[in-house]
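Novice: got a structure for you, letters missing:
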């Protein structure tokens with residue numbers, strides 16, 4: 001699945017890169033928090049033109065270091081520049097790319113060429129799922145959810 005992500009030249013890995021490292025690299029944003037213990041989440045929210053980006057750490061899987069467990073990027077129909085709930089991300093941190101291949105604007109066919117057939121496909125969404133065992137015996141699960149408007153990716157969620 002998508003073990004790596006990049007924000008422009010900044011490269012990270014799910015469940016390894018700290019949320020604080022993303023914040024330090026971008027130089028903007030406030031780590032926000034909601035919930036308690038294993039049910040809590042921490043996130044950074046960024047915006048640029050019609051893009052909205054969340055870099056997320058779940059309380060349980062992300063651990064006390066708040067390692068990144070999820071990236072969500074959406075292309076909205078309206079310009080998000082008037083919104084104040086997310087920091088503006090500098091242009092040099094785009095595009096957001098998952099696993100060195102996927103980015104907003106790709107066609108369904110480009111995704112299938114890059115990843116193969118999806119686990120599930122509907123008109124507005126494609127889902128890639130993976131479950132297996134790591135070398136140390138722990139279970140590994142991953143999902144990639146791609147949202148489409150017409151034939152182009154308008155949202156990506158890697159977890």
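Specialist: Arrived safely, thanks for sending. No experiment lies behind these values; they were computed from the predicted model shown. Numbering: from 1, shown residues only.
Novice: so what's the residue count around residue 52?
Specialist: 20 (other CB atoms under 10 Å). Placement of C-beta: from N, CA and C, glycine included.
Novice: please apply the same query to residue 155.
Specialist: Here the count is done by other CB under 10 Å, and residue 155 has 18 residues near it.
Novice: now stretch 72-79: buried residues?
Specialist: Buried residues in stretch 72-79, counting neighbours by 16 or more other CB atoms under 10 Å, are found at 72, 73, 74, 75.
Novice: ok, and what's touching that stretch?
Specialist: The contact list for stretch 72-79 (CB atoms under 8 Å, 6 or more residues apart in numbering) reads 49-54, 56, 96, 104-105, 147, 149, 154-157.
Novice: tell me which of the residues you listed fall in strands.
Specialist: Members of the contacts of stretch 72-79 lying in strands (criterion: DSSP state E): 51, 52, 53, 54, 56, 96, 147, 149, 154, 155, 156, 157.
Novice: between those, which sits nearest residue 119?
Specialist: Nearest to residue 119 among these, counting by CB to CB, is residue 157 at 14.0 Å.
Novice: now do the helices in this protein.
Specialist: Under the criterion DSSP state H, the chain carries helices at the ranges 19-26, 108-115.
Novice: next, format those as JSON lines and append distance to residue 127.
Specialist: Output for these, formatted as JSON lines (distance: least, CB to CB, whole Å):
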{"stretch": "helix 19-26", "distance to residue 127": "25"}
{"stretch": "helix 108-115", "distance to residue 127": "11"}
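Novice: what's the most buried one of those helices?
Specialist: Comparing the helices of the chain by mean neighbour count (mean count of other CB atoms under 10 Å), helix 19-26 comes out on top with a mean of 18.
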